[in-house]
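Peer 1: Pasting a predicted model and its sequence here:
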Amino acid sequence: MNALFTGQAAHNLQQPYGLDFDEAEISLISVVDPYWTFTSNIVFVGNGEVDPEEVWVRNTSIPGIQLKLGKLRGTFGKHGLLHTHAFPFIQAPVVMANTIGNEGFKDPGLEASWLTPLPWFSELTGGVYRGIEADDEHPLDFGSSAHDNIPFLGHFKNLVDLNDATTLELGQSLLQGRGADGNHHLAFGGDVTVRNVPPRSSNRHGWILQGEYIQKGSRAGGSYVREQDGGYASLQYRLSQIWWIGVRGDQARDSFADFVVDEAGSPIPSKVTRGSVNLAWTPSEFSFLRLEYSHAKSDAGIHPTDDRLMLQLSYTIGYHPAHAY
Amino acid sequence: MKSLIRFGLACGLAALAAAPAHANLKVATSLTDLASVAQFVGGTHVTAQSLCRGYEDPHFVPAKPSLMKAIQHADVFVSTGLELDAGWLPLVLPGSRNPKIQPGAKGFVDASEGVQVLEKPTGTVSRAAGDVHPLGNPHYYLDPKALEVVAHHLAEVFSRLDPANADAYAANAKSFDEKMDASLEKWQKEMDPYKGAPIVPYHKNFIYFIDRFGLKEFGNVEPKPGIPPTPRHIAELAEAMKKSGVKVVAYEPYYKADAANEVAKRSGGIAVEVATEVGGLPGTDDVFAKFDALVSTLTGALSGRARGQK
């Protein structure tokens, strides 16, 4: 079980400064039988709601293929695959909430991923999901009630070892379905990650250089319209067993951000550019404390800039599955 | 045209004849020590490779997708067990999409089965004591006798999967016993003068070696398993070592030499770099060479030779 708390001092937001309870997440993982393994992440959020964020089963009895069935976190991009407590920065990049969802694309469905016979790690994933309407968590409108509205995903990931310590990963993703307006809505993206973990100091040193771009749009009458897009570039650097630092720049166009509002206080879209730096103290594998500062600017709204200071605390008890590389 | 086909066939057959014989079983392991034992037992019928390198901390192996690729076609996977690889193996095994080596399948081996496990926690297990392994200390590969258990376990598994070579696997396991017993006798003779001698390993991973050779664990550079040393702990440990005349600190290539050297400097002792896993240092290419080097380095340090004493 993991518990996450964040304190935030953001002068543009009508919120008191101070520590808040974000969420507690319980992970239950067990083998069902020789064919299936069950995984669930049940999230208790600050307002008292319980969200069965992920509940799925996995099959690995078909050579070369992995099947996942249930309520999934769709395999789209890099940041969208992370649980909140595994975010490298306290705030997700602005583009996330404006394209596939602040915590990625989560929907009931079926995914199959194939490890291709290429000599390096090359994985092709395809998925089909249930059509759902757009809401705060699902910016993509897949709400058409047409019987043939089956949103689908494609993801292609390639990773090569550049040397003993460093890997290069490239990924491309596409997600498409039909919206309540009958039009096709889609998101696509690309990501690149260079990661270094020196084998002689794998729990003390290393760095992750990552960039990702995502675009959301729709197609009506044969013409494509870009709705929102953006991306980020970040560097995380491990100073020692217990200290990490990180720096990130992110930008999103035609996008909403919590500080971008008009005179009436209503959210308005704008081009948001933000820089973030953080310092994390991880005294053990099971807890961390992270201090983060961000400066953002917007080309619209009553707050042209936004500065905020955040403190996040994470605690994990019991068994915790390894995070993906 | 016919002659061209004949020429092609002849070339193909010649190429096949020239190709090395393929091993019957592809074996992958969590640890280099397990790969070394698997190769000995499997002989020419097996190719064994470890996912963790000898100079890499076996607790913190990054679950790289390339590791998944490396075991995609393995026939056998040998896990260290006792949760030593719990931080990465649960991602790597399913990621391989190889049904033959998933837990519960015929090709999955928990090498700790049958090994006499030390330091099994009794009572409540709490992380207040650091990153304690709840099933017991998983570093059994530092006991030569435990590796004999592993060798026989692997011979049984290989025989089940490749019955045509069962006799060879059994004979190799027996031969492993004989070589290990003869080596152990030699190592014990070398270590005998230091029975009861205290040492300070960086991490709590020497307990099987200490138990087998009659040494004593005075303390660890880590204040608790998995917790990095603090200046206060280093000072207190060095002071205690000084008072008790403890001189030897041992650390692996993947630990922070600075902390071990600081403890040794303050206590008036010596810090020696040792390979507890095969391949950790040059000249430790198999389990026998690893123990040779370990015994030689420790006896050198305990005797004072390594500190320049006569």
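Peer 2: Here it is on my side, so go on.

Peer 1: give me every residue that touches residue B:215.
Peer 2: Residue B:215 makes contact with B:191, B:194, B:195, B:196, B:197, B:198, B:199, B:206, B:209 under the criterion C-beta atoms under 8 Å, 6 or more residues apart in numbering or on different chains. From N, CA and C alone the C-beta is placed, and that goes for glycine too.

Peer 1: so how far is chain A from the first one?
Peer 2: What that stands for is residue B:191. Taking C-beta to the nearest C-beta, to the nearest Å as the measure, residue B:191 falls 28 Å from chain A.

Peer 1: so that residue touches residue B:296, yeah?
Peer 2: No: in this structure residue B:191 lies outside contact range of residue B:296 using C-beta atoms under 8 Å: 10.4 Å.

Peer 1: Looking at those two, which has the bigger crowd around it?
Peer 2: residue B:191 (20 against 14; other C-beta atoms under 10 Å in any protein chain shown).

Peer 1: Can you verify that one is assigned to a helix?
Peer 2: Yes: with DSSP: H, G, I helix; E, B strand; the rest coil as the criterion, residue B:191 is part of a helix.

Peer 1: Please list all residues in contact with it.
Peer 2: Going by C-beta under 8 Å, 6+ apart, residue B:191 touches B:213, B:214, B:215, B:295, B:298, B:299.

Peer 1: buried ones in the helix or strand containing the last one?
Peer 2: Residue B:299 belongs to helix B:287-303 when assigned by DSSP states H and E. Applying a neighbour-count criterion of 16 or more other C-beta atoms under 10 Å in any protein chain shown, the buried positions in helix B:287-303 are B:287-295, B:297-299, B:301-302.

Peer 1: circling back to that earlier point, which one of the contacts of residue B:191 is nearest chain A?
Peer 2: residue B:298 (21.2 Å; C-beta to the nearest C-beta).

Peer 1: My guess is residue B:115 contacts residue B:140. True?
Peer 2: Yes: in this structure, residue B:115 is within contact of residue B:140 by C-beta under 8 Å, at 4.8 Å.

Peer 1: Tell me which of these two has more neighbours.
Peer 2: Taking other C-beta under 10 Å, residue B:115 and residue B:140 do not tie; residue B:140 has more neighbours (26 against 23).

Peer 1: what residues are up against the nearest residue to that one once chain neighbours are set aside?
Peer 2: Computed as C-beta to C-beta, 6 or more residues apart in numbering or on different chains, the closest residue to residue B:140 that is not its neighbour in sequence is residue B:146, at 4.2 Å. By C-beta under 8 Å, 6+ apart, the contact list for residue B:146 reads B:115, B:116, B:140, B:208.

Peer 1: what number of residues lie near the last one?
Peer 2: Burial of residue B:208, expressed as a neighbour count using other C-beta under 10 Å, amounts to 24.

Peer 1: Backbone dihedrals for the residue nearest to the spatial centre of chain A, please?
Peer 2: Centroid check for chain A by C-alpha atoms, centre = their mean gives residue A:80 as the closest residue, at 2.3 Å. Backbone torsions of residue A:80, given as degrees, to the nearest 10, read phi -70, psi -10.

Peer 1: Show the contacting residues for it.
Peer 2: Counting by C-beta under 8 Å, 6+ apart, residue A:80 makes contact with A:73, A:74, A:96, A:100, A:101, A:103, A:104, A:105.

Peer 1: Filter these down to the ones in strands?
Peer 2: With DSSP state E as the criterion, strands contain residue A:73 from among the contacts of residue A:80.

Peer 1: which one of the contacts of residue A:80 is nearest chain B?
Peer 2: So of the contacts of residue A:80, ranked by how close each gets to chain B (C-beta to the nearest C-beta), first place is residue A:73, at 14.8 Å.

Peer 1: Surely that closest one is in contact with residue A:54?
Peer 2: Yes: the pair residue A:73 / residue A:54 is scored as a contact, 5.7 Å apart, by C-beta under 8 Å.

Peer 1: intersection of neighbour lists for these two?
Peer 2: Shared contacts of residue A:73 and residue A:54, defined by C-beta under 8 Å, 6+ apart, comprise residue A:106.

Peer 1: Please work out how many residues are found near residue A:158.
Peer 2: 17.

Peer 1: wait, isn't it in contact with residue A:119?
Peer 2: No: Residue A:158 sits out of contact with residue A:119 when judged by C-beta under 8 Å, with a separation of 11.1 Å.

Peer 1: quick one: low-confidence ranges for the stretch 51-200 of chain B?
Peer 2: Within the stretch 51-200 of chain B, the set of residues satisfying pLDDT under 70 is empty.

Peer 1: can you give me the helices for it?
Peer 2: B:65-70, B:89-95, B:144-161, B:166-191 (DSSP state H, counting those that start in this stretch).

Peer 1: what about those helices, which gets the closest to residue A:61?
Peer 2: Proximity to residue A:61 (C-beta to C-beta) singles out helix B:89-95 among the helices of the stretch 51-200 of chain B, at 10.7 Å.

Peer 1: next one: that closest one to chain centre, how far?
Peer 2: Centroid separation for helix B:89-95 versus its chain: 20 Å, with C-alpha atoms, centre = their mean, to the nearest Å.

Peer 1: now for that helix, which elements pack on it?
Peer 2: helix B:65-70 (3 or more C-beta pairs under 8 Å, 6 or more residues apart in numbering or on different chains; DSSP states H and E).

Peer 1: Show me what the helix it packs on is packed against.
Peer 2: strand A:121-129, strand A:152-161, strand A:166-178, helix B:89-95.

Peer 1: hmm, back to that, report the separation between the residue nearest to residue B:140 and residue A:250.
Peer 2: 51 Å (C-beta to C-beta, to the nearest Å).

Peer 1: again with residue A:187
Peer 2: Distance of residue A:187 to residue A:250, computed by C-beta to C-beta: 16 Å.

Peer 1: which ones are touching residue 94?
Peer 2: Picked chain A for this. A:230, A:250, A:251, A:252, A:255, A:257, A:272, A:274, A:296.

Peer 1: meant chain B, my bad for not saying
Peer 2: A:37, A:58, A:60, A:66, B:102.

Peer 1: got it, and residue A:303?
Peer 2: Contacts of residue A:303 by C-beta under 8 Å, 6+ apart are A:12, A:259, A:260, A:261.

Peer 1: what's the answer for residue B:280, then?
Peer 2: If a contact means C-beta under 8 Å, 6+ apart, then residue B:280 has B:32, B:54, B:55, B:252, B:253, B:254, B:274, B:290 as its contacts.

Peer 1: among these, who's most crowded?
Peer 2: Highest neighbour count within these: residue B:32, with 29 neighbours (other C-beta under 10 Å).

Peer 1: Isn't that residue up against residue B:51?
Peer 2: No: counting by C-beta under 8 Å, residue B:32 sits too far from residue B:51 to count as a contact (9.4 Å).

Peer 1: what does the stretch 51-200 of chain B put close to chain A?
Peer 2: By C-beta under 8 Å from any C-beta of the partner chain, the residues of the stretch 51-200 of chain B that approach chain A are B:53, B:55-57, B:59-66, B:68-69, B:72, B:86-88, B:90-91, B:94-99, B:102-105, B:127, B:130-131.

Peer 1: Of those, keep whichever come out buried.
Peer 2: B:53, B:55-57, B:59-66, B:68-69, B:72, B:86-88, B:90-91, B:94-99, B:102-103, B:105, B:127, B:131.

Peer 1: Need the pLDDT of the closest residue to chain A within the stretch 151-300 of chain B.
Peer 2: Closest to chain A within the stretch 151-300 of chain B is residue B:228: 4.5 Å, counting by C-beta to the nearest C-beta. With respect to pLDDT, residue B:228 scores 88.

Peer 1: before we move on, what about the one 5 residues further on?
Peer 2: Confidence per residue is given as pLDDT, and for residue B:233 that number is 96.

Peer 1: Need the nearest residue in space to it, chain neighbours excluded.
Peer 2: With sequence-adjacent residues excluded and distances taken as C-beta to C-beta, 6+ apart, residue B:233 is closest to residue B:223, at 4.2 Å.
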